[in-house]
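Engineer: What follows is a predicted structure for the sequence shown.
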Amino acid sequence: MHACAGLVAAGALGVTLWSGLQERPTALAFGLLVAVGEVTRWTGARVREAAPLGAAAALSYALLGADAGQPSRHGVAQVVAVVLAASLLGSVPHIARGQGPVLDHLARRVLTVGFAAVCFQPLYNRGVFEEWGGPAYALLLLALLTLTALCDCVLAAALAHSRTGWPFGPLLRDELHALLGIGSAVCATGAVMALAVAVVGLWALPVFSLPLLLTQLSFKRYAAVRTTYRQTIASLARATEIAGYTPTGHARRVAELSRAVGRDLGLTRPELTVLEYAALMHDIGQLSLVDPVPAGATAVLPGAEQRRIALLGGAVVRQTGVDPSVAVVVERQADPYREQPVAARIVRAVNAYEEKVRDAGPGGPFTALEELRLATAGDYAPEVVESLARVLARDRLTLPSAG
């Protein structure tokens, strides 16, 4: 996919340099808006579209048919070339700070913009849409943007699948679900800007880009709140380590591996969040014990004692104000696996694996997995253990990084 995007970009740049830049003021205006969108791109946040303003401007340029009532003459190659050059220019500040865009971001931008331009520009230049006006033309642009957004979802899921090895289906489902959020705002803004520029000219760009900037600011604040919330939960989870009940980094390692297993099993994004929070706080019930469990290893305790600690942990989680579904997972992590929700099955198996492999030496991962497989008759869910084995195999049977 990277190679395909590279060929498209190289071809577009070559054609544009050979034929020259058409309608330079329009190209400069849209290029500047794309560059501004890239400069204001989110960094560090787990969002579907990191540069919504840049994406909306790029799609609007791809679907631009007229400028202040005058038909445009730019083609597909110029659209891709201008968007690529502006994206690279807007990424310079991020690259200077060591936060440059990954190839996936640029590949998606080139391919999606190229797709939208191919669907629209040749037909428009041939006069196919001359009879389309009013609501019909607006619906046409929205339909093309929707089709482009779906294409982008497939590209994003495919790139994530090739990079991580996670199942393609759940990744595509998450992308489609995220499309209803900021993705819908990007499509709507792209359509409105293309329609407005066609009527009033380039002055419409700053006017109609303002709502998306405000939306981006709101999403950014929401992401900051979510980050603070997770950091608070992680700090609460470290209470057992500070008190000496569990080894340092145990909760974080269980959370990272549990999330990877949840991904492999196809959990949705909200379910993965609950799973991660529950895994971070799965040992918090040990704070209620008078005598600490040696090395915090609860997997070797009798079933009744495991359930008592789990119930104590659930009670503590409920008092912290965390999502009640997290408390349910913590409370039920010691129940028979056939009665557990999927998240509790994952936390139980991953916690047991981490405890068994902790000081087992080079052959520890294989030994721990074998012990878990032998206990699938009553203690651990077979599908979770096999998923754990797949995740570890992709990571060459190592624990998540302690860094």
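Structural biologist: Cool, got the structure.

Engineer: from here on, contacts and neighbour counts on C-alpha atoms
Structural biologist: Noted.

Engineer: give me phi/psi at Gln70?
Structural biologist: phi -100, psi 130 (degrees, to the nearest 10).

Engineer: show me the contacts for it.
Structural biologist: Shown in contact with Gln70 (CA atoms under 8 Å, 6 or more residues apart in numbering): Ala198.

Engineer: what is it paired to in the beta sheet?
Structural biologist: Gln70 has these beta-bridge partners by DSSP bridges: Asp67.

Engineer: For it, give its distance to Ala198.
Structural biologist: Distance of Gln70 to Ala198, computed by CA to CA, to the nearest Å: 8 Å.

Engineer: cool, and Met281?
Structural biologist: Relative to Ala198, Met281 is positioned 55 Å away (CA to CA).

Engineer: Please identify which of those two sits among more neighbours.
Structural biologist: Higher neighbour count among Met281 and Ala198: Met281, with 29 against 20, using other CA atoms under 10 Å.

Engineer: what sits against that one?
Structural biologist: Counted by CA under 8 Å, 6+ apart, Met281 has contacts Ile233, Ala234, Leu236, Ala237, Ala251, Gly313, Val317, Val330.

Engineer: how about the helices in the stretch 201-350 of the chain?
Structural biologist: Assigned by DSSP state H, counting those that start in this stretch, the stretch 201-350 of the chain shows helices spanning 204-237, 239-242, 250-264, 269-280, 303-320, 324-331, 342-357.

Engineer: what ranges of the chain fall below the confidence cut-off?
Structural biologist: 43-48, 99-101, 359-363, 395-403 (pLDDT under 70).

Engineer: which residues are in contact with stretch 27-35?
Structural biologist: 21, 53-55, 57-58, 61, 82-83, 85-91, 202.

Engineer: still on that earlier bit, got the contacts of Met281 as TSV, with distance to Val274 and neighbour count columns?
Structural biologist: Formatted as TSV, the contacts of Met281 follow (distance: CA to CA, whole Å; neighbours: other CA atoms under 10 Å):
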residue	distance to Val274	neighbour count
Ile233	11	18
Ala234	13	18
Leu236	15	16
Ala237	14	23
Ala251	14	26
Gly313	15	25
Val317	12	26
Val330	10	34
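
Engineer: Can you redo these as CSV, where the extra columns are distance to Glu271?
Structural biologist: Shown next, in CSV, are those (distance: CA to CA, whole Å):
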residue, distance to Glu271
Ile233, 16
Ala234, 18
Leu236, 20
Ala237, 19
Ala251, 18
Gly313, 20
Val317, 17
Val330, 14
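
Engineer: that older thread, format the helices of the stretch 201-350 of the chain as JSON lines; extra columns: distance to Ala29.
Structural biologist: Putting those into JSON lines (distance: least, CA to CA, whole Å) gives the following:
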{"stretch": "helix 204-237", "distance to Ala29": "8"}
{"stretch": "helix 239-242", "distance to Ala29": "54"}
{"stretch": "helix 250-264", "distance to Ala29": "42"}
{"stretch": "helix 269-280", "distance to Ala29": "37"}
{"stretch": "helix 303-320", "distance to Ala29": "51"}
{"stretch": "helix 324-331", "distance to Ala29": "49"}
{"stretch": "helix 342-357", "distance to Ala29": "50"}
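
Engineer: Output stretch 222-236 in CSV with nothing but the alpha carbons.
Structural biologist: Extracted C-alpha coordinates of stretch 222-236, given in CSV (Å, rounded to 0.1, in the frame of the first residue of the first chain):
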residue,chain,number,x,y,z
TYR,A,222,-12.0,15.5,25.4
ALA,A,223,-8.9,13.5,24.6
ALA,A,224,-7.0,15.4,27.3
VAL,A,225,-9.7,14.5,29.8
ARG,A,226,-9.6,10.8,28.8
THR,A,227,-5.8,10.8,29.2
THR,A,228,-6.1,12.4,32.6
TYR,A,229,-8.7,9.8,33.6
ARG,A,230,-6.5,6.9,32.5
GLN,A,231,-3.5,8.4,34.4
THR,A,232,-5.7,8.6,37.5
ILE,A,233,-6.6,4.9,37.2
ALA,A,234,-3.0,3.9,36.6
SER,A,235,-2.0,5.9,39.7
LEU,A,236,-4.6,4.1,41.8
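
Engineer: got a list of contacts for that stretch?
Structural biologist: Contacts for stretch 222-236 (CA under 8 Å, 6+ apart): Ala45, Arg252, Tyr277, Leu280, Met281.

Engineer: Out of these, which comes closest to Pro270?
Structural biologist: Distance to Pro270 across the contacts of stretch 222-236 (CA to CA) is lowest for Tyr277, with 10.9 Å.

Engineer: neighbours around the closest one, how many?
Structural biologist: Around Tyr277 there are 25 residues (other CA under 10 Å).

Engineer: same question, Val290
Structural biologist: Val290 has 7 neighbouring residues, counting by other CA under 10 Å.
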